[in-house]
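Participant: The sequence isn't on hand, but the structure is:
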């Protein structure tokens, strides 16, 4: 049925895969009609998809360095775009972003602006040129461009800080989904998620991750879009709700006026705190209430713009994103691949505001059978979906005023439950909830795979091979990389189980860390020949230190914001210090040698061979 090599048959292979997945959804729907339990459906969706990903990872196993680190540099543009979109649309995008818009209003659109706008920077400033350079990792570029082990090691440190912060959020997301789907405690579910992640990346490295991410994108985009279209059509907002968004937002505005947006008093918050008290070692409740108007930005222009800037610069600095463009066959393919990435990302990001709006309407609109605001609290607590999510510590109602009716300020839900719970709330068949759980797992796993691989590859290639043992054989290097995958993953799962930071907050911090230490060393490394080793070292070290110090000042010491820069935008402080330090120190020290400056000129020429050889 399939003849020729694998790359040439990719459309056919993934066409068959998509058809098989749709057939599986139909089988699950038939099973539900025949009495299959919700628990069994949830387990089947998670288990089936994880098995497929693990199978792809096994079939993609390799013992070649070029295949392990950069997938042999033979990934076609469209499929690299899909893999990049899956790598990019993390648990924050799939699970948490709609929740942010749901609770905080359209100020969270700054994330969409920044995360998509960042790809303009990637395409115009970095991706094609780093592909021409021919490196395996981002620290590989830094170390070769600037020279010396100090710059390379600092790049690894910044990469590790940013990527580890990011990966804890992704394992948190997989743990949340696994705990609900498999009905196990969150603190154990994170390790189930970790095992699923490692199955995809451990044997095949970037090659295994790439083909797994393409499969994961297909699952997550079906899982995200199908409920949006179904719910919209069911409530009369049209089959394609994006064109009707203004009408639905206006409807929510009317309902907000009808029910009133009330800020809970200290007494109410004390009651909530008492109701959500847990024993030591138990998973914490993670809840938010509706306190802001849905259609409002709820942020000053500077807050909105500064958050978007941080997300843009962070996007262009995150190593797991840049690594995807090292896998394309050519410089031209890298640039085209960015365009495809944006298209596939757009399909989900354009729907997140719609999902948040439909979810809120489902709960608030008394004309819909799913509306609960204004109903008896006893009636709401008897709902099957409420009991399920309350048990998961992601949903709670309180009768603050004692009237027995649910007011808008008395309903609380975890931000990460908005996407996952909406199909049940809207009255869709449970098979759709199982599908959404599988999609959320796919989104979080695909990003976690890329992040853990980025850290492990950087340490194994740039620290172990380039600094500790330059004569190490390929087999030994790959063993080190695989051991590091397990160690880093286990550490990330352990931190995630502690519930220190919510998903979206951790992701935003990761962007700020990456921006603080890597953005200007990468950009100036391509576009300013005068940038030298001393400048890059100063830029990375002082950028990361200053950004982190400002975050500690705000979070640990309760310091006042300076120039409106908050904990979500501390990357502005770090990147500003990085730029000044890099320029000043570079100008105060000797210029790079002539060979390095010729290399920088050559990097900016699209045609020709890569600067570094195939094996390096």
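Facilitator: That came in fine, so what should we check first? A quick note: this is a predicted structure, and the numbers were derived from the prediction, not measured.

Participant: Quick check: which ranges of the chain have low pLDDT?
Facilitator: 1-4, 280-283, 297-299, 499-503, 613-616 (pLDDT under 70).

Participant: So the residue nearest to the spatial centre of it versus residue 172, what's the distance?
Facilitator: Nearest to the mean C-alpha position of the chain, counting by C-alpha atoms, centre = their mean, stands residue 90 at 2.5 Å. Note on residue 90: its distance to residue 172, by C-beta to C-beta, to the nearest Å, is 11 Å. C-beta here means a position set from N, CA and C on the backbone, and glycine is covered the same way.

Participant: what does residue 241 give?
Facilitator: For residue 241 relative to residue 172 (C-beta to C-beta), the value is 29 Å.

Participant: In terms of neighbours, single out the busier of those two.
Facilitator: Taking other C-beta atoms under 10 Å, residue 241 and residue 172 do not tie; residue 172 has more neighbours (35 against 21).

Participant: ok, and the closest non-adjacent residue to that one?
Facilitator: Of all residues not flanking residue 172 in the chain, residue 496 sits nearest, at 4.4 Å (C-beta to C-beta, 6 or more residues apart in numbering).

Participant: Now do the contacts for that neighbour.
Facilitator: 168-169, 171-172, 175, 190 (C-beta atoms under 8 Å, 6 or more residues apart in numbering).

Participant: element containing the residue lying closest to residue 123 once chain neighbours are set aside?
Facilitator: Leaving aside its chain neighbours, residue 123 sits nearest to residue 338 (4.0 Å; criterion: C-beta to C-beta, 6+ apart). Per DSSP states H and E: residue 338 is located in helix 331-349.

Participant: Tell me the first helix or strand C-terminal of that helix.
Facilitator: Criterion used, DSSP H and E; the element after helix 331-349 is helix 352-364.

Participant: Counting by contacts, list what the helix or strand that that next one is followed by packs against.
Facilitator: Proceeding N to C from helix 352-364, the next assigned helix or strand is helix 377-381, under DSSP H and E. In terms of contacts (3 or more C-beta pairs under 8 Å, 6 or more residues apart in numbering; DSSP states H and E), helix 377-381 is packed against helix 384-391, strand 395-397.

Participant: try it again with 6 Å
Facilitator: Counting contacts by 3 or more C-beta pairs under 6 Å, 6 or more residues apart in numbering; DSSP states H and E, helix 377-381 is packed against no other helix or strand.

Participant: Buried residues in that helix, which are they?
Facilitator: 377, 380 (16 or more other C-beta atoms under 10 Å).

Participant: hang on, the earlier thing: the helix holding residue 338 packs against which elements?
Facilitator: Counting by 3+ C-beta pairs under 6 Å, 6+ apart, helix 331-349 packs on helix 77-88, helix 109-121, helix 127-133.

Participant: what's it in contact with?
Facilitator: Here helix 331-349 makes contact (C-beta atoms under 6 Å, 6 or more residues apart in numbering) with 77-78, 80-82, 84-85, 88-89, 112, 119, 122-123, 127-128, 131-132, 221, 224, 325, 328, 606.

Participant: Please indicate which of those are buried?
Facilitator: Buried among the contacts of helix 331-349 by 16+ other C-beta under 10 Å: 77-78, 80-82, 84-85, 88-89, 112, 119, 122-123, 127-128, 131-132, 221, 224, 325, 328.

Participant: isn't residue 410 right up against residue 396?
Facilitator: No: the pair residue 410 and residue 396 does not pass the contact test of C-beta atoms under 6 Å, sitting 9.2 Å apart.

Participant: Of all the helices and strands packed on helix 331-349, which one comes closest to residue 368?
Facilitator: Closest of the helices and strands packed on helix 331-349 to residue 368 is helix 109-121, at 25.4 Å (criterion: C-beta to C-beta).

Participant: Could you check how far that closest one is from the centre of its chain?
Facilitator: Distance of helix 109-121 from the chain centroid (C-alpha atoms, centre = their mean, to the nearest Å) equals 13 Å.

Participant: so residue 87 touches residue 451, yeah?
Facilitator: No: the criterion here is C-beta under 6 Å, and residue 87 misses it with residue 451 at 8.6 Å.

Participant: check contacts around the residue nearest to residue 167 when sequence neighbours are not counted.
Facilitator: Distances taken as C-beta to C-beta, 6+ apart place residue 451 nearest to residue 167, at 4.1 Å, with adjacent residues excluded. If you count contacts by C-beta under 6 Å, 6+ apart, residue 451 has them with 163, 166-167, 320.
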